Every structure is written in C-alpha cells, then in structure tokens.
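Chemist: Fold the following for me, if possible:
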Amino acid sequence: MQFINIFLSALLSLGAAACDDDKSPSFPDKPTYEMSGFAKGADVSWVTEMESVGTKFYDANGKQTECMTLLRDYGMNSIRLRVWVNPEKGWCNKSDVIAKAWRANKLGMHIMIDFHYSDSWADPGQQTKPAAWAGMSMEELKVAVADHTKDVLQALKDKGITPEWVQVGNETGNGML
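Modeler: Residues are numbered from 1 along each chain as shown. Below is the predicted model:
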C-alpha cells in the first residue's frame, strides 16, 4: 500500500511540473544517482502519449528536463509501466512499453511491468478481454496470456532490460479477463 501511495504522490507531483514549451528535452547518457534501497517511483505509462502532443517537463527552477530524468533528480528510483495487448491508439502496447523501459533502464531505474491483459485500462470494475481474445476457449485464452507475457518479457530481455517486478493483471482481486 505504501508503494502505491508513493506512485500516486509522484504522479500528482509530476502533473504540477508538466507544461507546454517548444524546447527539446535533454537525455543524459549515464545514471549518476543512488538506485538501490527502498523503491520510490511513479507510473509513467502515459509519458510518451503526453510527449507526442508536446508536453514538456520542468524542474523547480524552470529548466526543461526529460520526464524520467526529472523524476530521478527528485529521488525516484523506480517506474511502473502498464502494458496492454492491442490498444486502439498504440499507447502502452509492447513497442511503446519497450521504448519507455529502455529510457528508464538507461537511467538505472528499477522497472515494474504491469500486464493488464486488456486493450485498455483494467480495474476492479472493468476487466475486458482484448478484442482478439474475445471468442477464445479457456485453453486458447491460457495460451494467449502465456504467449503475450513471454513475448513482452522476451522483447525486454532482447534490449538488455530485466524488470525488477512483474505485475500479473491489474487490480484483479475479483478476477480478470
């Protein structure tokens, strides 16, 4: 629960730091920050979508800073990335998740991959099967879940990225799919 509270606090704090500008973000080559110990992080699954519409991020001094670098500079050492099966606009699909995970990995951050097993957000009130899986039998569904999970994790591994945590389903106390 404390981990979730930290993610939510970071998300709210980051929202206050976001605004629009014409400058290009800078991205450092090597991490120089402590990345061990207690996990302090945020869900940044939305960052590529926000950047695509021109959202920029700034530090407390007004200096434009790449989002994950800004989080790291403010003490975050972990990020959470949701992954959807076949989202309508592509955000949070495998390739988008790999791009964000690569950025976090370059900064030395810990990564949590959160499989929603849906084409969009899944929560206790909404556990919708991906459209491509809708007519599958239970046996076919088991194979699809396993294949999707392995595919995403293998793609991360192929880029030299090892997640610290893997969340199987999102808010699945009452079931999933």
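Chemist: Return the set of buried residues in the lengthiest helix in the chain.
Modeler: For the chain, the longest helix by residue count, based on DSSP state H, is helix 138-158. Of the residues in helix 138-158, 141, 144-145, 148-149, 152-153, 156 count as buried by neighbour count, 16 or more other Cβ atoms under 10 Å. Using the backbone N, CA and C atoms, a C-beta is placed for each residue, glycine as well.
Chemist: How about stretch 155-175?
Modeler: 156, 161, 163, 167, 169-172.
Chemist: and what of stretch 56-74?
Modeler: 56-58, 64-74.
Chemist: Looking at these, which are in strands?
Modeler: 56-57 (DSSP state E).
Chemist: Please name the bridge partners of the spatially most central residue of the chain.
Modeler: By Cα atoms, centre = their mean, the mean C-alpha position of the chain lies nearest to L81, the distance being 1.5 Å. Beta-bridge pairing of L81, defined through DSSP bridges, involves I113.
Chemist: Wait, it touches T48, no?
Modeler: No: in this structure, L81 is not within contact of T48 by Cβ atoms under 8 Å, at 10.1 Å.
Chemist: which residues are in contact with both of the two?
Modeler: By Cβ atoms under 8 Å, 6 or more residues apart in numbering, L81 and T48 have these common neighbours: K100.
Chemist: At which residues are the helices of the chain located?
Modeler: Under DSSP H, the chain gives helices at 2-17, 47-52, 67-73, 94-106, 138-158.
Chemist: right, and those - which one's nearest Q126?
Modeler: Minimum separation from Q126 across those (Cβ to Cβ) falls at helix 138-158, 17.5 Å.
Chemist: which residues does the residue lying farthest from the centre of the chain contact?
Modeler: Each residue of the chain has a distance to the centre, and by Cα atoms, centre = their mean the biggest one is for S137: 29.6 Å. Neighbouring residues of S137 by Cβ under 8 Å, 6+ apart: there are none.
Chemist: Please apply the same query to E88.
Modeler: 119-120.
Chemist: okay, it: pLDDT?
Modeler: Note on E88: pLDDT of 93.
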